[in-house]
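Visitor: Fold the following.
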Amino acid sequence: MPDAAVVIDEPKRLRRDAERNKQRILRAASELFAERGLDVTLHDVARHAGLGVGTVYRRFANREQLIDALFADSLDRLLAAAREAQTIDDPWRAFCMFLERAVEMMATDRGLWTMMTTAASKGDHFLGIHTRLNEIVRDVIARAQDAGALREDLSPDDMPVLHVILGSGADFLAGARPEIWRRYLGIMLDGLRRDRTGPTELGQKPPSAQELDHAMKTWWPGKR
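Guide: Below you'll find the predicted structure:
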């Protein structure tokens, strides 16, 4: 008769192994997406994780499922930032807070930026959050415009383009100075604000000749 402890512990061991493999897959996918964008295959992920491709396919039936799993938490945090903006009494500060938080997240999570600007995932989780996010962003913009703080000709449909502009700049100079995107966010916000007494303090200095030279030699659109 088999040892009862072995019978009880075996499923637990298998579950632990499965969870470890899942985390290896997610780490490998995150590294590959950061390096090459989202245009990688499950075979690439399996090779990078040091696992058999069958192991990856048992956890994720296709690339879209893997993308959804990897960025589910990031999308939830982005949605939480939008909801937090709705609770801020000052409509202009609410708009600035959300835009800054969104750009900060995408500057540090290139996969999220790619997904938000290309709709790389068609998963239900992504589409559901994207729909709710758009609704909240429209409300944040409308509040700032109604208060006379935000230029009236800004459309919610402009937001993905602004994210691409700021995200590309952040990615371009990430290797030289990761926080420099805040300088360009400040310049953009001055252009979006309806009335101001003077230019906003940008905080970050412009890129040096050495930083620009490094970025031009090492950066390639869509890759780090």
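Visitor: Sketch out the low-pLDDT regions of the protein for me.
Guide: For the chain, residues meeting the criterion pLDDT under 70 lie at 1-14, 34, 37, 116-126, 220-224.
Visitor: Quick test: name the residue nearest the centre of the chain.
Guide: Leu112 (2.7 Å; Cα atoms, centre = their mean).
Visitor: contacting residues around it?
Guide: 71, 74-75, 78, 105-106 (Cβ atoms under 8 Å, 6 or more residues apart in numbering). All C-beta atoms are positioned from the backbone trio N, CA, C, and that covers glycine.
Visitor: What strand or helix carries it?
Guide: helix 110-118 (DSSP states H and E).
Visitor: Which SSE is immediately downstream of that helix?
Guide: Using DSSP H and E, the next helix or strand after helix 110-118 towards the C-terminus is helix 124-146.
Visitor: Report the distance from that next one to the chain centre.
Guide: Centroid separation for helix 124-146 versus its chain: 16 Å, with Cα atoms, centre = their mean, to the nearest Å.
Visitor: next one: stretch 162-174
Guide: 12 Å.
Visitor: Equivalent analysis for stretch 27-34, please.
Guide: The answer for stretch 27-34 is 13 Å, by Cα atoms, centre = their mean.
Visitor: Only the buried residues of it, if you could.
Guide: 28-30, 32-33 (16 or more other Cβ atoms under 10 Å).
Visitor: For that stretch, list the C-alpha coordinates in PDB.
Guide: Extracted in PDB, the C-alpha atoms of stretch 27-34 (Å, rounded to 0.1, in the frame of the first residue of the first chain):
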ATOM      1  CA  ARG A  27       9.400  36.100 -17.200                       C
ATOM      2  CA  ALA A  28      10.700  34.900 -20.500                       C
ATOM      3  CA  ALA A  29       7.900  36.500 -22.400                       C
ATOM      4  CA  SER A  30       8.400  39.800 -20.500                       C
ATOM      5  CA  GLU A  31      12.100  39.900 -21.400                       C
ATOM      6  CA  LEU A  32      11.400  39.000 -25.000                       C
ATOM      7  CA  PHE A  33       8.600  41.600 -25.400                       C
ATOM      8  CA  ALA A  34      10.900  44.300 -23.800                       C
END
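Visitor: How about residues contacting it?
Guide: The contact list for stretch 27-34 (Cβ under 8 Å, 6+ apart) reads 40, 44-46, 48-49, 66-67, 70, 110-111, 114, 224.
Visitor: follow-up on the earlier one: report the secondary structure element holding the closest residue to the residue nearest to the centre of the chain other than its chain neighbours.
Guide: Leaving aside its sequence neighbours, Leu112 sits nearest to Ser74 (Cβ to Cβ, 6 or more residues apart in numbering; 4.5 Å). Applying DSSP H and E as the criterion places Ser74 in helix 63-86.
Visitor: List the buried residues for that helix?
Guide: Of the residues in helix 63-86, 63, 66-71, 74-75, 78-79, 81-82, 85 count as buried by neighbour count, 16+ other Cβ under 10 Å.
Visitor: If we ignore the residues flanking it in sequence, what's nearest Met159?
Guide: Counting by Cβ to Cβ, 6+ apart, the nearest residue to Met159 once its immediate chain neighbours are dropped is Val137, at 6.1 Å.
Visitor: go on, Ala29?
Guide: Nearest residue to Ala29, sequence neighbours excluded (Cβ to Cβ, 6+ apart): Val45, at 4.9 Å.
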